[in-house]
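> Quick one, structure for this:
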Amino acid sequence: MTELVLPNDTNQLGNLLGGRLMHWIDICAATAAARHANHVCVTASVDRIDFHNPIKLGQVVILKSSVNRVFNTSMEVGVKVFAENTKSGEVRHTNSAYLTFVSLDAKGNPCLSPLVNPVTEDQKRRYEKALVRRGYRLDREKLRA
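Model (predicted):
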């Protein structure tokens, strides 16, 4: 997914607003989840969004998402964000995020999604790390109970 940073998207420093980026990340991740599941998918949680570098007015934002792993009705989607300076051609990794989505059937109930079949080394790494992050999520839930 690509977006152009316009004046309405920025703060007083000319940097992309964090909330606007979070909105774009959620849309990008929801699209990946829905395409994978062939169902409407809703955001269940956002683990974290790391801001490595600011994104400036006029830059192109490139969001790349992947379904890392499916756990019955939920799935982890990772999003990497890059900023492209169209004048210099420089592309920088600016943000990373992990989100959990739940796929819903026609009645709005959680439903199973197809499993992920990792093939490449990168896909296998993301698949394995998703299980570790899920463990952290479940541990946090236990602490809240």
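
> show me what contacts the residue nearest to Leu6 when sequence neighbours are not counted?
Nearest residue to Leu6 in three dimensions, chain neighbours excluded: Leu57, at 7.5 Å (CB to CB, 6 or more residues apart in numbering). Placement of C-beta: from N, CA and C, glycine included. With contact taken as CB atoms under 8 Å, 6 or more residues apart in numbering, Leu57 is in contact with Val5, Leu6, Pro7, Asp9, Thr10, Gly14, Asn15, Leu16.

> go on, Thr86?
Thr86 neighbours (CB under 8 Å, 6+ apart): Gly58, Gln59, Val60.

> ok, and the most crowded of those residues?
Gln59 (23 neighbours; other CB atoms under 10 Å).

> sec struct for the closest residue in space to that residue that isn't next to it in sequence, please.
Excluding its sequence neighbours, the residue lying closest to Gln59 (CB to CB, 6+ apart) is Ala83, at 4.7 Å. Here Ala83 is strand, with the state taken from DSSP: H, G, I helix; E, B strand; the rest coil.

> Now do Ala83 against Val119, distance only.
29 Å (CB to CB, to the nearest Å).
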